[in-house]
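**Student:** What follows is a predicted structure for the sequence shown.
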Amino acid sequence: MAKTVPSSTDPNGGSPRRGFGGLRVLSFESRLAADTARLIRKAGGVPIEAPALQEVPIGRNEEAFAFATELLAGHVDVVIFTTGVGTRGLFKAMETTAPREDLIAALSRVATVARGPKPVAVLREIGVPVTVKAAEPNTWREVVTAIEESPQAITMKGARVAVQEYGASNRALVDELESRGAIVTAVPVYRWALPEDLFPLLDGARQVIDRTADVLLFTSASQARNLVTVLGERGLETAFREALPEVVVASVGPVCSETLASLGFDVDVEPETHKLGSLIARTAEVAGEMLIERRSRLRESRPVTTAARATTPTTTDVNDSPFMKACRGEPTDYTPVWLMRQAGRYMQEYREVRSRISFLELCKKPDLAAEVTVHAARRIDADAAIIFSDILLIVEPMGLGLDYVHGDGPSISRVVRAARDVDRLLEVEPEESLSFVFEAIRRTRAELEEHIPLLGFSGAPFTLASYIVEGGGSRNYTLTKSLMYQDEGAWHAMMSLIARAVTKYLCAQVQAGAQALQLFDSWVGCLSPGDYERYVLPHTKAVLEGLPTDVPVIHFGSDTATLLDLCVQAGSSVLGVDHRVAIGDVFERFPGVAVQGNLDPVVLFTNPDIVREHAKRLLDEVGGRPGHIFNLGHGVLPATPVDNVIALIDAVHELSSRG
Ligand code: CP3
């Protein structure tokens, strides 16, 4: 490729010729964020601003005051100024306790050392003579050399040296000075904190993980340290490090590079001149070719994509898969795991699809629904896939209106509030009205790895009734229960109609290719056992009795600790429990019943270590009993870090391995 990039000695050089050629450049710079973005753009790149730190002035700077006192008392021999901003900050802080002229006079009597041109400029401006200037590249090594070789013959032994600190303290410089016999005092001026708004940094990190960023630009060591801290705290570190071979890492200078190396980041570019402009120009010059070369090498060494992580099957017969075996209560080589809502907003790829199309449209486009289903299962390496759809789609063919209002969840119109409303509900003939679901199942089944079972699902009669009556989510189910208590006839008529629809719908999903089913009774936990038995049990039972006997059915409910006996009575092969119950007790109470669950979804907000610990506790509680399908106690929440989800699945596979 012809090199028509701006030369490294001409950082702002002319018009954007080839340069970055449209590469996406992540910049961690804060104070100079706008300048950096401008330079990136000028060099032909697309800047992604992800500030990794903010400067926090030290409120009442006791160290600066103490230093001023010592300086004025003549107890200081050498002062090292390391940064321009720091020099100014230190002077400002001291000025609040001592007169300016006295400080200038005192500084004029000591040896002043400037690490680079910026502190030189500030000292000149203040009126303080500079005794020694360190040479480029202005690291601590040049500082020490400059002092040692200065014409003023400064003796280090016994010298009282003050070092103005910038951000993190410079241990290497202090050690070096002390090893030469100096008595060193560090004077901090400001420190680096994490930015208050972490969103841009996290979003930048996600772009690296999602392979939508190409170049990482570090302009200080603190940025790298803060980045790693944030990644660790958010459970993103592993995924971020996995993505590093696919990006170019550029560092402004040797101190920054050393820090990056110590954090395990290989630095690809460091310009000869340690300036922002040179960094960007040099990186623009080499990044494109570097990326082409390393990405093609990676592709060659990795012929299969994420699906390669899928646990290697010993058989391709889906009926012998760990999930199907566990549903039947048979022993498995490891505990199968999948997650409710495994395809959802916590996953960047899903959010991308959703940015182009509404949720309802997505559900009705079999191609896309299949793609989302398969991608999610592969990405997290789940042992089962669940068809991408929603429990509420069935209300449309009943003659009701359905919409998903951004941020507010589902909204149903023409709701049922009384007997006459029940009378106008339509019987559902799902083959036609919900044909897109069956088509999505067929396409998913064709695409999905043969040994991964595909689950179909439906809402259970009570949960669907609650939406049909309330019109959306509810806290107290006042309208639903009022109808139930006040007009038992209308209630049972509605529940029977729903049960018939659900039965037909689930049977048709099996016909289309679903190999197991889940019945979601998400909100039934609001009922007492007595009410469940009277108003719900007969209908759920009717559904379960109407399904093919050779297809495993998971009967899931939330908040059902007091209803479990009745849920088992309803007669499904697998009982799905939420995180409010002790899973070991469930196994004890219902011998012979397979159990799915039940990690608290919020555990996934922590980090991979804590996730693993909780996975282990849960597996220990189950104690290797056959018939356990690992899942959450409810669906994956939208703000969950995808890394923690992957860490969970990996941990379950590894910790439960009996093979
Ligand atoms: O990955 C999967 O689990 C498959 C897809 C799936 C969705 N909904 C997709 C969805 C499944 C199995 C459901 C079931 C569902 N839907 C239930 C039962 C499970 C549960 O969580 O209790 C319920 C109660 C619903 C009703 C529903 N759908 C609600 C309350 C909401 C809004 C709340 C929310 O989380 O956004 C939906 C929308 C919905 N269903 C989304 C997804 C991925 C989010 C829509 C979006 O992209 O904006």
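**Tutor:** Okay, I see it. Numbers count the residues shown, from 1 in each chain.

**Student:** Convert the helix or strand harbouring T145 to CSV, retaining C-alpha atoms only.
**Tutor:** Assessed by DSSP states H and E, T145 sits inside helix 140-148. This file holds the C-alpha atoms of helix 140-148, laid out as CSV (Å, rounded to 0.1, in the frame of the first residue of the first chain):
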residue,chain,number,x,y,z
TRP,A,140,12.5,10.4,35.6
ARG,A,141,15.8,9.1,34.2
GLU,A,142,16.5,12.4,32.4
VAL,A,143,15.5,14.3,35.6
VAL,A,144,18.1,12.5,37.6
THR,A,145,20.8,12.8,34.9
ALA,A,146,20.0,16.6,34.6
ILE,A,147,20.5,17.1,38.3
GLU,A,148,23.7,15.0,38.5
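
**Student:** Need the residues that contact it.
**Tutor:** Defining contact as CB atoms under 8 Å, 6 or more residues apart in numbering, one finds that helix 140-148 is touched by 78, 80, 82, 111, 113, 115, 132-136, 154, 156, 170, 172-173, 176-177, 180, 255. Bear in mind the C-beta positions are built from the backbone N, C-alpha and C, glycine included.

**Student:** So which other helices or strands are in contact with the next helix or strand after it?
**Tutor:** Remark: after helix 140-148, the chain's next helix or strand is strand 160-165, criterion DSSP H and E. Judged by 3 or more CB pairs under 8 Å, 6 or more residues apart in numbering; DSSP states H and E, strand 160-165 is in contact with helix 62-72, strand 78-81, helix 84-95, helix 171-179, strand 183-188.

**Student:** Going by neighbour count, which of the contacts of helix 140-148 are buried?
**Tutor:** Buried by 16 or more other CB atoms under 10 Å: 78, 80, 82, 111, 113, 115, 132-134, 154, 156, 170, 173, 176-177, 255, out of the contacts of helix 140-148.

**Student:** Out of those, the closest to L39 would be?
**Tutor:** V255 (20.9 Å; CB to CB).

**Student:** Now that closest one. Its backbone dihedrals?
**Tutor:** phi -70, psi -40 (degrees, to the nearest 10).

**Student:** try I498
**Tutor:** phi -60, psi -50.

**Student:** What does the pLDDT read for it?
**Tutor:** pLDDT for I498: 98.

**Student:** Against E427, how distant is it?
**Tutor:** 11 Å (CB to CB, to the nearest Å).

**Student:** same question, G44
**Tutor:** Distance from G44 to E427, by CB to CB: 62 Å.

**Student:** Those two: who's more crowded?
**Tutor:** G44 (20 against 11; other CB atoms under 10 Å).

**Student:** Need the nearest residue in space to that one, chain neighbours excluded.
**Tutor:** Distance criterion CB to CB, 6 or more residues apart in numbering; nearest residue to G44, sequence neighbours excluded, is G19 at 3.3 Å.

**Student:** hang on, that neighbour in a strand?
**Tutor:** No - using DSSP: H, G, I helix; E, B strand; the rest coil, the assignment for G19 is coil, not a strand.

**Student:** Look up phi and psi at the closest residue to L194 other than its chain neighbours.
**Tutor:** Closest residue to L194 apart from its sequence neighbours, by CB to CB, 6+ apart: N226 at 5.6 Å. For N226, the backbone dihedrals (degrees, to the nearest 10) come out as phi -60, psi -40.

**Student:** For N226, which residues are in contact?
**Tutor:** A52, L53, W192, L194, L201.

**Student:** Contact distance from the ligand - what residues of the stretch 351-500 of the chain qualify?
**Tutor:** 354, 359, 386, 388-392, 404, 409-410, 457, 473 (CB under 6 Å from any ligand atom).

**Student:** wait, the chain
**Tutor:** 340-345, 354, 359, 386, 388-392, 404, 409-410, 457, 473, 520, 522, 634-635.

**Student:** wait, the residue nearest to G44 sits on V46?
**Tutor:** No - using CB atoms under 8 Å, G19 is not in contact with V46; the gap is 11.3 Å.

**Student:** So these two - more neighbours on which side?
**Tutor:** Neighbour count, other CB under 10 Å: between G19 and V46, G19 has more, with 25 against 16.

**Student:** how near is that one to R211?
**Tutor:** Taking CB to CB, one finds G19 at 21 Å from R211.

**Student:** how many other residues sit next to W140?
**Tutor:** The burial count for W140: 22, using other CB under 10 Å.

**Student:** in this structure, what residue is nearest the ligand?
**Tutor:** The chain approaches the ligand most closely through S522 (3.1 Å), counting by CB to the nearest ligand atom.

**Student:** What count of nearby residues applies to that residue?
**Tutor:** With other CB under 10 Å as criterion, S522 counts 23.

**Student:** so what's the backbone phi/psi at it?
**Tutor:** Dihedral angles for S522 - degrees, to the nearest 10 - are phi -60, psi -40.

**Student:** ok, now which ones touch it?
**Tutor:** Counting by CB under 8 Å, 6+ apart, S522 has contacts I391, G459, T463, F556, G557, S558, H634.

**Student:** Which ones among those residues lie within helices?
**Tutor:** T463 (DSSP state H).

**Student:** Format the contacts of S522 as TSV; extra columns: neighbour count and pLDDT.
**Tutor:** Listed next are these as TSV, based on neighbours: other CB atoms under 10 Å; pLDDT from 0 to 100:
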residue	neighbour count	pLDDT
I391	20	98
G459	25	98
T463	24	98
F556	29	98
G557	27	97
S558	21	97
H634	23	97
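
**Student:** what's the lowest-pLDDT member of the buried ones among the contacts of helix 140-148?
**Tutor:** N170 (77).
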